[in-house]
Every structure is written in C-alpha cells, then in structure tokens.
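>>> below: sequence and its predicted model.
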Amino acid sequence: MKNVCVIGTGISGSTIANLLSKKYNVDVYEKAKGIGGRSSYRRYLNNFGFDHGLQYISPKTSKFKKFCYSLQKKRILKNWRGTHKFNSNKVLENKKHTKLIGVKGNNAISKYLLKNINCIFGYELFKIERIKKNWKLSFLNGDVKYYEILIISIPFAQSKKLLINFLPNFFKNKNVKMDANITVMTVTNKIKNNFSSFLFDDEVIGWAAKENSKNRFKHKYDLWTIQSTFKWANKNISKYKSNKKRFTNFLINRFNKLSKINVNKIYFTNIHGWLYSANKKNLEIQSFWSNSLKVGICGDWFGGPRYENGWISASDLYKKMTN
Ligand SMILES: Cc1cc2nc3c(=O)[nH]c(=O)nc-3n(C[C@H](O)[C@H](O)[C@H](O)COP(=O)(O)OP(=O)(O)OC[C@H]3O[C@@H](n4cnc5c(N)ncnc54)[C@H](O)[C@@H]3O)c2cc1C
C-alpha cells in the first residue's frame, strides 16, 4: 500500500484521510495540539469549553444532509435548541434554519473521522521538496518525513507558499482573499433567559453564542463566545496580539450594550485571532489534484465560507484521485 501524508485535521483533512485510509496507509500531521482546525473546541477545566471557530452546521446539499443525519443517529451531532435572537432589521429569522452542533464539541465530526487514523500533533510543515518520486517534508521541530502521496488541507495562502514550486500557474494565480475574525471567550454572571445565540447588525460584533445552551455541561456561570465582524477583524487582526486585554474588554462591553443582557461580572476571558477565517468567493473547481506529482489540495475555500464546503472539497479530491 502506498504511503499518504495529509496535512491538517479540519473537516477537509479528516474527510480525505478517512476516505483514503480504505486504500492507503495514511498519516495525518497537525500543527496544533488537538483535532479540528477552525472547528476546534477550546476545552477548560471540568470539561466546559467554547466552540471558538465554527458555530453550527447548516447542511445544504442532499449528500451532506445524509451524512449529517447519519451522525445524528450515532449521537455525534445534535440540534442546537433555544432562542436564536436576530438583533437586526435586515436579517429575518428563519425558524427552519437547521443548527447542528457536535454533541461534545464542534470538532466531533473530525474526531469521528480520524478515530482509527494515525494523527501526529504539534507538527508544523514548513518546507516541501520533491526527491525522486517522493515528497520530502520538513517540519518546524526538525523532523523530516518521506511520502509517496501528499495532501494539503490548509488555507490557500499557506498552501500556495508551501507548494509554490509545484503548482501550475492557473492555480497559484488565483485570488483567494480570506477574511479575519477575532473571537472572545468569556465566563460571566448567570442571567436568567432562554437565549442560545444573538446575530447582530453591528459594525464590530457579528454574533454571540451562549455555550451553556448547548447542554454539554452544567455551570453556575454563563459562558459566551463573542465573534467580531469580518470588517472589524480585517482592520484589527495585525494589532490584536499586542492589544488582547483592550480588545477583550471592548468586545465584551459592546456585546453587553447590544444584547442588553446585563453582564456585570467577568470571571474568565480569552481571545483568539483567526487570520484566515473565511473567503467570500468560490473557485470554479472544488479541489486540486496532480496525478503526475501525486499531490492534492482540498479546503473549504474552494467552495466559499462554510464548513460543508470542506467536506465537499475533500470528497471531490477523493473522486479525482481514484477515478
Ligand atoms: C470564527 C469562525 C466562525 C465560523 N462559523 C461557521 C459557521 O457557523 N458555519 C459554517 O459552516 N462555517 C463556519 N466557519 C467556517 C468553518 O469553520 C470552516 O469552513 C471549516 O472549519 C474549514 O475546515 P478546513 O478543514 O477546510 O480548514 P481548517 O479547519 O482551517 O483546517 C486546516 C488545519 O490545518 C492545520 N495546519 C495549517 N497549516 C499547517 C501546517 N503548515 N502544518 C500542519 N498543520 C497545519 C491547522 O491547524 C488546521 O487544523 C467559521 C470559521 C471561523 C474561523
């Protein structure tokens, strides 16, 4: 069996790794400490935590709906209930809009897909070379590995940088601009209400989710994930690391004012900046595969800013590789 290396454990990497594991020896490398990429679940003491990236899955295509339904039956996914409040005159609430979340965290699908696959964490790929018919992969920790087939499932800018010497011009010249996002996680005083999330029509804050409403844990305080708008994050992402405290306070105060829920005690905060959060436009292809070089690329950004597009891209790449 040929040896395949997949880079990334988000929905794209975990889907392609799972599909390929039926035919090949697959190893998955991930620069972070855990599974999920932009669908990671930030876990803290006593199992409470925050979905600080992907908020919910709302399947659109029949194949992905079927896949999600099978995961609901296995208790990997569930519906997110409660009142999802639209603080906006422009956006109308669509009560039929499905909101699926992971039973134990939004990285549940990746965890399920990767459960029998060799995953190596804390490995950041920084250099790719072609030696005879193999890929030589150099990682930041000094390790070097060789594989016959290489699959990359990371955002466009990073994929392009790593594979610049191997990609055809039509592909590397594509203009894929990804927006940023700045996300605050906070534990606040408990407020009696049935709100699960807020969608705001604001320059700064786009969305907030009450983690307690997902019924994964019980907590005497409220846990909120507050996400900025793309516009505000694009302007501030380069300054966020040196302004963490200021930005955290600013976003919490703004959330308090917009939601009118009266946050008056803060017990915990953390902030995360997503440099590559989502891209608005889609490409005219769903994945990239070079049969002569044995290198493939998949990612949500082929299809636009949604989780489902990562799954579609990986499924498309698998078809290209096996046809
Ligand atoms: C704040 C935010 C909110 C979102 N909300 C929603 C939502 O509500 N609904 C929705 O459908 N979508 C949402 N999305 C988008 C959704 O999260 C993504 O579409 C999806 O998770 C992308 O999956 P992916 O596998 O393509 O990429 P990623 O999840 O980014 O996976 C790439 C993986 O590769 C790893 N990696 C990168 N570089 C290297 C390297 N050099 N070496 C090793 N590993 C590397 C990364 O750590 C990561 O784990 C949101 C995204 C963000 C950021």
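Sure thing, it's come through. Just so it is clear, the model here is predicted, and its values are computed rather than measured. Residues are numbered from 1 along each chain as shown.

>>> looking at the residue nearest to the spatial centre of the chain now. What's its pLDDT?
The C-alpha lying nearest the average C-alpha coordinate of the chain belongs to residue 38 (CA atoms, centre = their mean; 2.0 Å). The predicted local confidence for residue 38 comes out at a pLDDT of 98.

>>> wait, a helix at it?
Yes: with DSSP: H, G, I helix; E, B strand; the rest coil as the criterion, residue 38 is located in a helix.

>>> what comes up buried for stretch 316-323?
Of the residues in stretch 316-323, those buried under the neighbour-count criterion (16 or more other CB atoms under 10 Å) are 316-318, 320-321. C-beta here means a position set from N, CA and C on the backbone, and glycine is covered the same way.

>>> okay, those in JSON lines with distance to residue 154, secondary structure and pLDDT next?
Putting the buried residues of stretch 316-323 into JSON lines (distance: CB to CB, whole Å; DSSP: H, G, I helix; E, B strand; the rest coil; pLDDT from 0 to 100) gives the following:
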{"residue": "316", "distance to residue 154": "17", "secondary structure": "helix", "pLDDT": "98"}
{"residue": "317", "distance to residue 154": "14", "secondary structure": "helix", "pLDDT": "98"}
{"residue": "318", "distance to residue 154": "18", "secondary structure": "helix", "pLDDT": "98"}
{"residue": "320", "distance to residue 154": "18", "secondary structure": "helix", "pLDDT": "98"}
{"residue": "321", "distance to residue 154": "18", "secondary structure": "helix", "pLDDT": "97"}
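
>>> would a markdown table of these with distance to residue 153 be doable?
Conversion of the buried residues of stretch 316-323 to a markdown table gives the following (distance: CB to CB, whole Å):
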| residue | distance to residue 153 |
| --- | --- |
| 316 | 12 |
| 317 | 9 |
| 318 | 12 |
| 320 | 14 |
| 321 | 13 |
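
>>> which one among those residues gets closest to residue 242?
Nearest to residue 242, judged by CB to CB, of the buried residues of stretch 316-323 is residue 317 at 38.7 Å.

>>> tell me who's in contact with that closest one.
Counting by CB atoms under 8 Å, 6 or more residues apart in numbering, residue 317 touches 16, 151, 286-289, 296-298.

>>> from the ligand, how far out is the residue nearest to it when sequence neighbours are not counted?
In space, not counting the residues next to it along the chain, residue 317 is nearest to residue 287; the distance is 3.7 Å by CB to CB, 6 or more residues apart in numbering. Distance, residue 287 to the ligand, by CB to the nearest ligand atom, to the nearest Å: 11 Å.
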